[in-house]
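Colleague: just the structure for this:
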Amino acid sequence: KAADQGHIGAQCAMAARCLSGEGEEQDLEAGASWFRKAAEQGDAEAQRALAVCYQDGKGLAQDDAAAAHWFRKAAEQGDPNAQYAIGIKCNYGIGTAKDPETGARWLRMAADQGQVHALVGLGICTTRAWACPRTRRPGRACGARRPRRAMPRRRRSSETATGTARACLKTTRPP
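Modeller: I've put the predicted structure just below:
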């Protein structure tokens, strides 16, 4: 009843129930429709959820441009998960123009709110030399460090043999 009267929380709850099938048969189209009603009233969570429906094709035809539109609306209201999503979409040009500078700016806003994936995304931005939002220069110009090598330098066989011999001598010497 409350959802039919325009209550945003009730609309979101109905959408979640329809999408999950909790208490009734799963109805993806109805779930997306309820999210749309709440999103059009300006609810950031509903806007992000509707964007995910468009992105994944749940209850709606898959549409990257519509997903980017709704992620941007939610991001403009400060939703960190939407800021992360639109940042990635801008970086790769998915459903929107490819603009790494804008993408890095959205990722920075999400990271500032503690969105963990955005911190990782910013690391990718700097290692791939995408534009830094602070200095507007690529990658390392913003002070990002080059990532450490995953594997240590391979030692020469003579170094390994010497190290092993020293270790053996230390452990086998009588007191």
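Colleague: show residues contacting stretch 12-22.
Modeller: Stretch 12-22 is touched from outside by 3, 23-24, 26-28, 30-35, 38, 43, 45-46, 49, 58-59, with contacts defined as CB atoms under 8 Å, 6 or more residues apart in numbering. Using the backbone N, CA and C atoms, a C-beta is placed for each residue, glycine as well.
Colleague: that one: how far from the chain's middle?
Modeller: Here stretch 12-22 is found 24 Å from its chain centre; the criterion is CA atoms, centre = their mean, to the nearest Å.
Colleague: format the CA atom coordinates belonging to it as PDB.
Modeller: The C-alpha coordinates for stretch 12-22 follow below in PDB (Å, rounded to 0.1, in the frame of the first residue of the first chain):
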ATOM      1  CA  CYS A  12      12.700  -0.100  -2.600                       C
ATOM      2  CA  ALA A  13      11.600  -2.900  -0.300                       C
ATOM      3  CA  MET A  14       9.100  -4.100  -2.900                       C
ATOM      4  CA  ALA A  15      11.800  -3.900  -5.600                       C
ATOM      5  CA  ALA A  16      14.100  -6.000  -3.500                       C
ATOM      6  CA  ARG A  17      11.400  -8.600  -2.700                       C
ATOM      7  CA  CYS A  18      10.500  -8.900  -6.400                       C
ATOM      8  CA  LEU A  19      14.100  -9.300  -7.500                       C
ATOM      9  CA  SER A  20      14.900 -11.900  -4.800                       C
ATOM     10  CA  GLY A  21      11.600 -13.800  -5.000                       C
ATOM     11  CA  GLU A  22      11.300 -13.500  -1.200                       C
END
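Colleague: follow-up on the earlier one: just checking, which of the contacts of stretch 12-22 belong to helices?
Modeller: The helices, defined by DSSP state H, take in 28, 30, 31, 32, 33, 34, 35, 38, 45, 46, 49 from the contacts of stretch 12-22.
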